[in-house]
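Enquirer: sequence and predicted structure below; questions after.
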Amino acid sequence: MVVFNPTAGGNRRRRLMKTLRHLDAHGCAVALRETAKPGDAEVFAMEASAKDCDVVVIAGGDGTINEAINGISRGTGEVALGIIPLGTANVLAHEIGLSIRPAKVAAALAQGPIRRIHLGEADGRKFMLMAGAGFDAEVVEHVNLKLKRVIGKGAYILEMLRQARAYGFPTLHVTAEDTGETRQAATAVALNGRHYGGPYKVVGDGGLSAASLDMVLLKRKGMFNVIRYATGLATGRLARFSDVEVLRGSSFSIDGGNDEPVQGDGDIIARLPTRMRVAEETIEVVFPQA
């Protein structure tokens, strides 16, 4: 079952149709379901069962994938998750090494191995890749969605620069519940994978197969440090900065600010204070062939 948001339109629909033709050539039977409103992908995934399909394929971005994993977790859990990456950042595609080319995507969905992975959870809401609080979440909450559809990642860069001037940068208090250690930070991002923002790798090991989260703490505030951290992310050096700390654990609590947003996989999923942990549920994901 392929789930697609028809408002994506344009080039995204053309890439989807090419992928479906390749799937047909591989002998795959496909049922296409189109969403009409936010939350439909979660409902479709929750209702899916092994008697109807073996894979729920999300044709979209990481936010729609987030809906799907929450639906699968609430459903029978009998179906695997596949993706046709049509989003802005496509972080999951980078995480599992999946090309965006229709022929490669179809081959992965038809022939790739299925692997069981761990999920993260923030206040009961599952996340696949990351959950963040502080500056990171403030940008996600206020990014112009219409502009995002036109210029993609550029909308996040513009909002990042705007928030760097306007944001108050409240101090976050992050506690690693495994050890009881508490740290202070301007931004805190719990990684379930290794990547953030697209192809940018933050940590070298761990990832979706590990039953742990990597809590990345960015400790300094202000526009200069926002730009410095962004440069470190783009060059692969962020985790080596002296004012960046990475804590590995199974559960973290975060407090600070006044009802500040918490983003998960690029959508707002909670407010502070929050608790982020490794979810009890696991799901199966279709990976590309090695």
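Expert: Looks like it came in fine. No experiment lies behind these values; they were computed from the predicted model shown.
Enquirer: in the helix or strand bottoming out on mean pLDDT in the chain, what's buried?
Expert: Least confident helix or strand, the chain: helix 145-151 with a mean of 87, by mean pLDDT, DSSP states H and E. Neighbour counts over helix 145-151 (16 or more other Cβ atoms under 10 Å) mark K148 as buried. Yep, even glycine has a C-beta here, placed from its N, CA and C like the rest.
Enquirer: determine the next helix or strand in the C-terminal direction from the helix or strand hosting M215.
Expert: Using DSSP states H and E, M215 maps to strand 213-218. Following strand 213-218 in sequence order, the next helix or strand is helix 223-235 (DSSP H and E).
Enquirer: could you check the angle strand 213-218 makes with that following helix?
Expert: 140 degrees (axes from the mean of the first three to the mean of the last three Cα atoms, to 10 degrees).
Enquirer: pull the residues that contact helix 223-235.
Expert: Helix 223-235 has contacts (Cβ atoms under 8 Å, 6 or more residues apart in numbering) with 135, 160-161, 164-165, 186-187, 196-197, 200, 202, 218, 238, 240-241, 243-244.
Enquirer: now these: which count as buried?
Expert: F135, M160, A164, A186, T187, Y196, G197, Y200, V202, L218, L238, V244.
Enquirer: can you check the pLDDT for the nearest residue to D255 once chain neighbours are set aside?
Expert: Once flanking residues are discounted, D255 sits nearest to P273: 4.1 Å by Cβ to Cβ, 6 or more residues apart in numbering. We have a pLDDT of 96 for P273.
Enquirer: state the distance from P273 to H173.
Expert: 9 Å (Cβ to Cβ, to the nearest Å).
Enquirer: common neighbours of these two, please.
Expert: Counting by Cβ under 8 Å, 6+ apart, the residues touching both P273 and H173 are I254, D255, G256.
Enquirer: need the contact list for the residue nearest to S250 when sequence neighbours are not counted.
Expert: Take S250 and drop its neighbours on the chain: the residue closest to it by Cβ to Cβ, 6+ apart is V278, 4.8 Å away. V278 makes contacts with H118, L119, G120, E121, A211, S212, L213, S250, S251, as judged by Cβ under 8 Å, 6+ apart.
Enquirer: secondary structure element for V278?
Expert: Secondary structure from DSSP H and E places V278 in strand 274-286.
Enquirer: quick one, that strand and strand 213-218 angle?
Expert: Strand 274-286 runs at 130 degrees relative to strand 213-218, counting by the same axes, to 10 degrees.
Enquirer: can you give me the buried ones in strand 274-286?
Expert: Quick answer for strand 274-286 (16+ other Cβ under 10 Å): T274, R275, M276, R277, V278, A279, T282, I283, E284, V285, V286.
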